[in-house]
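A.B. asks: Give me a model of this one.
(one chain, ligands or ions: 2)
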Amino acid sequence: MAQSTLDSMPGASTGTVVVTEPLNFWGGKRVKPRQEKNAEPVFEPATGRVLCQMVPCGAEEVDEAIQSAYAAYQKWSKMAGMERARVMLEAARIIRERREKIAKLEVINNGKSIIEALVDIDIAWQSIEYYAGLAGTLAGQHIQLPGGAFAYTRREPLGVCVGIGAWNYPFQIASWKSAPALACGNAMVFKPSPMTPVTAVILAEIYKEAGVPDGLFCVVQGGAETGSLLCHHPKVAKVSFTGSVPTGKKVMEMSAKSVKQVTLELGGKSPLIIFKDCELENAVKGALMANFLTQGEVCCNGTRVFVQREIMPQFLEEVVKRTKAIPVGDPLLESTRMGALISKPQLEKVLGFVSQAKKEGARVLCGGDPFVPSDPKLKGGYFMSPCVLDNCRDDMTCVKEEIFGPVMSVLPFDTEEEVIKRANNTTFGLASGVFTRDISRAHRVAASMEAGTCFINNYNISPIELPFGGYKMSGFGRENGQVTIEYYSQLKTVVVEMGDVESLF
Ligand SMILES: NC(=O)C1=CN([C@@H]2O[C@H](COP(=O)(O)OP(=O)(O)OC[C@H]3O[C@@H](n4cnc5c(N)ncnc54)[C@H](O)[C@@H]3O)[C@@H](O)[C@H]2O)C=CC1
Ligand SMILES: C[N+](C)(C)CCCC(=O)O
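C.D. replies: Ligands and ions are numbered 1, 2, ... in the order given. Now for the predicted structure:
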């Protein structure tokens, strides 16, 4: 296959797709890179084959995209919320109609299983549909003042917002950021991760087809340099970032120079606490959901699994049995439940965490090795077997650092008081979870978690209606839910005098 338009996707299989079309988008169309220098190969994780070239945008291209977004913002922000809603609902409908093709392309670029990618695409259109619903509800307040004077507030957009994405949920992150931004009347320039450049531009085409003004959602390709051009640009009002803590800090620092608003969705090392009175089978399923989605490359994963000592043997037996049974392999097969990690360096990094854990005294109960599927086309893929580590202590590297791979660390505990302290003993605070049948305990533990989300008797479900974001070094600001409107809009107070001015001078 020479080209990978969405139309050629239905027949696509692992190892066949090459993307040659330009991956930038502004002014209402795909834009070719100005020069091919600094092009980086993008790999198909399942095969290790080159999928396309990512050519980073330079200062002039970034400026062109931002100017085009600004022009679109001038039109879009003057439309009524209900008018914007109609366009957004059409975009959501188109995504829903093309979900299989988009999911396939996402799999080929990211390596996750098709079964998960389909869910990601569904969450993406749901996000656009949800914020379309809110667009018409944006309103201010009317406040009476003495002597017939009054004031009112207007909820206004910020202007051109920048979205910077990670590689684990490429299309979904682009949607989670653009949907609330657009609903509020902003424009967005989005930079995907240089490792997953191919699906954001599909979203841009769909918005265009749905009827947004040209330039409203732009895509610029690139890595750190392009990202920093975006964060420094004077016409940008806000940066919403998803990625690692060190890069998040840099984004905040750069944005501070021109006092841009910032939303940071950063990493985590979330605790999942399993009490002995839990429904064990559900707790085991929850632990798997908390650790093995998208090859473990999920920011809110519950990677520190605290299990009450009395049920540790049963828990381990069951969790290991099920982990060993996870079908790893061709991510485009419906039967596959774990695909390939994003890159060779990421695979090596994760395997390095497993060897370090062994050195520090952890016991590998299963997995943690490179995995070579029998299918010859997958020989160069970045696969590993999902891993469960036992004998872990709080001071081990595998328990303290975000691994971003399929590695679960299991830790015993005795009392509720003890486990709460240990669970919170981290600089991260993205998510947490608790399995118990005692409802008082469940809510007590949820209230004590220093984390932006606490799942009770489940893990890693993400309905779009629910605010998502971090405490502590996992970031601030929220995505999803009604509250995100506040992060993409600003309030103007208009004060109206009806009488004479009482001047002190
Ligand atoms: N918690 C999370 O959601 C994520 C965590 N990670 C962790 O971070 C590690 C490194 O992965 P990366 O993809 O390199 O993460 P990263 O945080 O460096 O990259 C995220 C995004 O930021 C951009 N970026 C990088 N440097 C920038 C800068 N100076 N200014 C503006 N934008 C910049 C990247 O191009 C990418 O689009 C992974 O191994 C993983 O452990 C990675 C992705 C997501
Ligand atoms: C969809 N969900 C909850 C599994 C993960 C979303 C957060 C992320 O970008 O890692």
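A.B. asks: Tabulate the CA atom coordinates of the helix or strand hosting Y207 in PDB.
C.D. replies: Using DSSP states H and E, the element containing Y207 is helix 200-210. Extracted C-alpha coordinates of helix 200-210, given in PDB (Å, rounded to 0.1, in the frame of the first residue of the first chain):
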ATOM      1  CA  ALA A 200      -4.400  14.000  14.800                       C
ATOM      2  CA  VAL A 201      -4.500  15.200  11.200                       C
ATOM      3  CA  ILE A 202      -7.500  12.900  10.600                       C
ATOM      4  CA  LEU A 203      -9.300  14.700  13.500                       C
ATOM      5  CA  ALA A 204      -8.400  18.000  11.800                       C
ATOM      6  CA  GLU A 205      -9.900  16.900   8.500                       C
ATOM      7  CA  ILE A 206     -13.100  15.700  10.200                       C
ATOM      8  CA  TYR A 207     -13.600  19.100  12.000                       C
ATOM      9  CA  LYS A 208     -13.100  20.800   8.700                       C
ATOM     10  CA  GLU A 209     -15.600  18.500   7.000                       C
ATOM     11  CA  ALA A 210     -18.100  19.100   9.800                       C
END
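A.B. asks: For that helix, buried residues please.
C.D. replies: Within helix 200-210, the residues scored as buried using 16 or more other CB atoms under 10 Å are A200, V201, I202, L203, A204, E205, I206, Y207, K208, A210. C-beta: built from backbone N, CA, C; applies to glycine.
A.B. asks: Return the closest of those with respect to ligand 1.
C.D. replies: The closest of the buried residues of helix 200-210 to ligand 1 turns out to be A200 (CB to the nearest ligand atom; 10.4 Å).
A.B. asks: got the contact list for the closest one?
C.D. replies: L23, F25, G165, P170, F171, A174, F190, P192, V219 (CB atoms under 8 Å, 6 or more residues apart in numbering).
A.B. asks: Ligand 2: which of the buried residues of helix 200-210 is nearest?
C.D. replies: Out of these, the member with the shortest distance to ligand 2 (by CB to the nearest ligand atom) is A200, at 14.2 Å.
A.B. asks: in the helix or strand encompassing E486, what's buried?
C.D. replies: E486 is part of helix 484-487 when elements are defined by DSSP H and E. Buried residues in helix 484-487, counted by 16+ other CB under 10 Å: T484, I485, Y487.
A.B. asks: Provide the strand pairings for the helix or strand just after that helix, with the direction of each partner.
C.D. replies: Moving toward the C-terminus from helix 484-487, the next helix or strand (DSSP H and E) is strand 489-496. The strands that strand 489-496 pairs with in its sheet are strand 150-157 (antiparallel) (by DSSP bridges).
A.B. asks: How far away from the center of its chain is the partner strand?
C.D. replies: Here strand 150-157 is found 32 Å from its chain centre; the criterion is CA atoms, centre = their mean, to the nearest Å.
A.B. asks: For the stretch 51-200 of the chain, just list every one of the helices.
C.D. replies: Secondary structure of the stretch 51-200 of the chain (DSSP state H, counting those that start in this stretch): helices at 59-76, 81-97, 99-110, 114-135, 170-183, 200-210.
A.B. asks: quick one on the thing from earlier: the helix holding Y207 near ligand 1 anywhere?
C.D. replies: No: with CB under 6 Å from any ligand atom as the criterion, ligand 1 is not reached by helix 200-210; the gap is at least 10.4 Å.
A.B. asks: Could you check the angle that helix makes with helix 99-110?
C.D. replies: 150 degrees (axes from the mean of the first three to the mean of the last three CA atoms, to 10 degrees).
A.B. asks: just the angle between helix 200-210 and helix 114-135, please?
C.D. replies: 40 degrees.
A.B. asks: Could you look up the SS state of V364?
C.D. replies: strand (DSSP: H, G, I helix; E, B strand; the rest coil).
A.B. asks: And it, how far from ligand 2?
C.D. replies: 25 Å (CB to the nearest ligand atom, to the nearest Å).
A.B. asks: partner residues bridging that residue?
C.D. replies: Beta-bridge partners, per DSSP bridges, of V364: L389.
A.B. asks: any idea how far R478 is from the residue nearest the centre of the chain?
C.D. replies: Closest to where the C-alpha atoms of the chain average out (CA atoms, centre = their mean) is I173, at 4.5 Å. The gap separating I173 from R478 is 14 Å, by CB to CB, to the nearest Å.
A.B. asks: part of a helix, is M289?
C.D. replies: Yes: M289 forms part of a helix when assessed by three-state DSSP.
A.B. asks: Tell me how many other residues crowd S343.
C.D. replies: Residues near S343, counting by other CB atoms under 10 Å, number 17.
A.B. asks: what's near enough to touch it?
C.D. replies: F43, P45, M195, Y382.
A.B. asks: Now do the phi/psi pair for it.
C.D. replies: Torsion angles at S343 (phi, psi; degrees, to the nearest 10) stand at phi -160, psi 170.
A.B. asks: likewise the one 10 residues further on?
C.D. replies: With angles defined as degrees, to the nearest 10, F353 sits at phi -60, psi -40.
A.B. asks: can you count the residues close to it?
C.D. replies: 23.
A.B. asks: near ligand 1 at all, stretch 221-234?
C.D. replies: Yes: among the residues of stretch 221-234, G223, A224, G227, S228, C231 lie within reach of ligand 1 under CB under 6 Å from any ligand atom.
A.B. asks: The buried residues of helix 484-487: which ones sit near ligand 2?
C.D. replies: Answer for the buried residues of helix 484-487 near ligand 2: none qualify (CB under 6 Å from any ligand atom).
A.B. asks: what's the closest of those residues to ligand 2?
C.D. replies: T484 (14.1 Å).
A.B. asks: Can you add distance to M408 and pLDDT and give the buried residues of helix 200-210 back as TSV?
C.D. replies: Output for the buried residues of helix 200-210, formatted as TSV (distance: CB to CB, whole Å; pLDDT from 0 to 100):
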residue	distance to M408	pLDDT
A200	31	98
V201	35	98
I202	33	98
L203	33	98
A204	37	98
E205	39	98
I206	37	98
Y207	38	98
K208	42	98
A210	41	98
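A.B. asks: and which of those residues is nearest to N291?
C.D. replies: A200 (27.2 Å; CB to CB).
A.B. asks: Distance of V320 relative to ligand 2?
C.D. replies: 23 Å.
A.B. asks: Return the nearest residue of the stretch 301-450 of the chain with respect to ligand 2.
C.D. replies: For the stretch 301-450 of the chain, CB to the nearest ligand atom, closest residue to ligand 2: N301, 7.9 Å.
A.B. asks: what's the closest non-adjacent residue to the residue nearest to the centre of the chain?
C.D. replies: Residue nearest to I173 in three dimensions, not counting chain neighbours: G165, with 4.2 Å by CB to CB, 6 or more residues apart in numbering.
A.B. asks: and what of R84?
C.D. replies: Nearest non-adjacent residue to R84 (CB to CB, 6+ apart): A135, at 4.8 Å.
A.B. asks: Can you get me the start-to-end distance on stretch 221-241?
C.D. replies: 15 Å (CA to CA, to the nearest Å).
A.B. asks: near ligand 2, anything from that stretch?
C.D. replies: No: against ligand 2, stretch 221-241 shows no contacts by CB under 6 Å from any ligand atom, the least distance being 11.6 Å.
A.B. asks: The residue of the stretch 51-200 of the chain found nearest ligand 1: how many residues sit nearby?
C.D. replies: Proximity of the stretch 51-200 of the chain to ligand 1 (CB to the nearest ligand atom) peaks at A166, 3.3 Å away. A166 has 23 neighbouring residues, counting by other CB under 10 Å.
A.B. asks: ok, it - contacts?
C.D. replies: A166 neighbours (CB under 8 Å, 6+ apart): I173, S193, T242, G243, C299.
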